[in-house]
Structure formats: structure tokens, C-alpha cells
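> build me a model:
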Amino acid sequence: MDKIYTPKLQEAMKAYLKGDYETAYILFCELAWENNGRAMFFLGMFFDSTNSLFGRIEGVNIVKLSSEMSSAWYKLGADRNDALATLAYIRNELKEKKTSIRKFNECFEAVRAMAIEGDVFAKMEMYYTYRDASNYENKYANHLKKDNKEEFKWLREAAESGSPEGMVKLGTCYDGGYYAYGVVSDYKEAVRWYQKAAELNNSRAMYHLGILHSRGRGVPQDHSEAIKWYMRSAELGDIEAMLELGAVYEEGLGVEKNCGEAFRWYMKASGTGHGRGVAGLSKAERLLIKNLNASTPVFKAFCFPKLLI
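Numbers count the residues shown, from 1 in each chain. Prediction:
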């Protein structure tokens, strides 16, 4: 077995796939300081807006989405010749026209071999690479063409192999249909995959389950059940779930109407540091003006950081 697959790394990967992100994060940090390139790849994933857990990891504060931090970890892993980190880093570099076709092809083939051998994380990287192929197929990777069948194949394999991100993305394919993959709408199938990912502590899956319950798609419409899923997702740091909770309390869907609680969730979303949080700030302002006739100075007074806790 490759020397990077130490017992600690295997423990960290198992924790990640079981949804124990706190344990995984701590172990990956320890491994990174031991110069393990694969651990650096995983730390890049924690900060990557594409792969992000969208969540709060208990005991280690908040891991915020950061493309700069993510890219830095991928580069550190690539510098240590880790195939997954190298492919993730080069994909970003290719978009900026900063690397060569030879370098890309070498790491692509290495990751492809890993995926064929059954590595679940390599399968997800193959999916991401095919998904983004149109960004560079005619510029650098001339042997790699945009191929929806290959893209979907690797996504399904990753989901079936236990990738929580793969499960969520596969669920979204069935959630309304994804015709580029030849997938027709099947909300029950979407629920099935979201449920699997939710059992692995994935906040995105919980958010999507909340949406499906609120709209009665694939499950009976149940606003109370939707709120439970939104709450679980929001507690893990999902911005969209926070915004939905704000709307639920503002409109009184499944709960007693409570503008104060709506305001709290909108403001909480605005303090996450994510782009979508801006929507929370505008919703909070609208709520104040509509219900309290608050002027702009009064609204600004409400927006001190202490309210974002």
C-alpha cells in the first residue's frame, strides 16, 4: 500500500465518509503537519466552495468557504506529488491558462487509475474533471472531451461508493430531472439519495430534504418536518437553510409567525461570510422597514456584529 495511506489517514478518511467531520478535520490537520500530501488535499476540500461541507465542525469553530485557502492546500498537496491534490489544483490553474497539457494529462491518468481501482475520492475528482471539461478541453487536455455519460457515470459510482457529496449531487439530478445526463425527474429517488447523505451528517442534503418536505415532492407535504430538516442543516452552518428558516418564521409556515425569530435567522445568514448571506441582510432590512417602520439609521444600529452570534 502507498506510504501515504498510514493508519491515521485511513482513520481520517473513514471518519469523513461516516460524517464525523470533527474527527476527520482534526486528523487531517495533524497529518498535514506530518507532511502528508493526501491530508492536504482533504483540507483543500473543507474550504472549497465546490466540495464544501457547508457546515460548522463542532470543536473547531467555523470552516468558512475560501477559494484562496482551498487552492493553497491543494498546491501544498500537489507540491508533495499527491495525485488528487494535483488534479484539483491543476483544474483551477487550467482555467487561468497557467499550466501545460502534459502536466494535466499525467495527473488525470493517475487519478483515473485510482478511480478504476475503487477510490471513492478519485471517482469524485473524475466527476469534477469531466464536469468542468468545457473550460479547457480545447486548450490543454485535448484527449479529454466534454462527455456527459462519463461525467454521470463517475458521479453515480462515487455516490454508490459512499461519497456524501456524490449522494447530494446525484439527488439533485433526480430533483427535477437533469436531461444532459438523461435523468428524468424522480423526487422519490432524490429523497432516497438526500436521506443517505443526511445520515452522513451532510447539511446540504438536510436542506434539500427540507425543501422537498415543504413542497410535498417525493414525500407528503409537511411544513413541520421541513422545519426540522432546515434546523438541522442551519445548525451545521448552511446559509440556504438559515434563509429558509427566516422565511418560515416570517410567513408562519408550520410555526407561529414570529418576525423577531425571522430577523434572527436572516441576520445569522448574513454573518456567515458567504455570498448568499447578503440576501439575509436585505431580507432583514425589509423585515424591519415593513414591520417596525425602521429608518436606515435604525437598521444599521441593529446590524452590529453582536447580533450575528
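> which residues touch the helix or strand harbouring L245?
Counting by DSSP states H and E, the element that carries L245 is helix 239-251. Outside of helix 239-251, the residues within contact range by Cβ atoms under 8 Å, 6 or more residues apart in numbering are 54, 203, 206-207, 210-211, 214, 223, 226-227, 229-231, 233-234, 253-255, 257-259, 261-266, 268-269, 272, 274, 276-277, 279-280, 283-284, 287. Quick note: C-beta positions are derived from backbone N, CA and C, even for glycine.
> report the buried residues of it.
Of the residues in helix 239-251, those scored as buried under the neighbour-count criterion (16 or more other Cβ atoms under 10 Å) are I239, E240, A241, M242, L243, E244, L245, G246, A247, V248, Y249, E250.
> for this protein, which spans come out with low pLDDT?
Applying pLDDT under 70 to the chain picks out residues 1-3, 49-65, 94-100, 136-143, 271-278, 293-309.
> next secondary structure after the helix holding L245?
Beyond helix 239-251 toward the C-terminal end (DSSP H and E), the next one is helix 259-270.
> show me what counts as buried in that next one.
Buried residues in helix 259-270, counted by 16+ other Cβ under 10 Å: C259, E261, A262, F263, R264, W265, Y266, M267, K268, A269, S270.
> is it true that A12 touches A32?
No - under the contact definition of Cβ atoms under 8 Å, A12 does not touch A32, with a separation of 10.4 Å.
> what about the two, which has more around it?
In this comparison of A12 against A32, neighbours counted by other Cβ atoms under 10 Å, the higher total goes to A12 at 25 against 20.
> against Y266, how distant is the more buried one?
With distances taken as Cβ to Cβ, to the nearest Å, A12 is found 36 Å from Y266.
> the strands in the stretch 51-200 of the chain, which residues?
Using DSSP state E, counting those that start in this stretch, no strands are assigned anywhere in the stretch 51-200 of the chain.
> just the helices in it please.
67-79, 83-95, 101-116, 120-131, 148-160, 164-174, 187-198 (DSSP state H, counting those that start in this stretch).
> between those helices, which one is closest to T23.
The minimum distance between T23 and those falls on helix 164-174, with 14.8 Å, by Cβ to Cβ.
> what packs against the closest one?
Packing contacts for helix 164-174, counted by 3 or more Cβ pairs under 8 Å, 6 or more residues apart in numbering; DSSP states H and E, involve helix 120-131, helix 148-160, helix 187-198, helix 203-215.
> the helix or strand just after the last one packs against which elements?
Following helix 203-215 in sequence order, the next helix or strand is helix 223-235 (DSSP H and E). When contacts are defined as 3+ Cβ pairs under 8 Å, 6+ apart, helix 223-235 sits against helix 203-215, helix 239-251.
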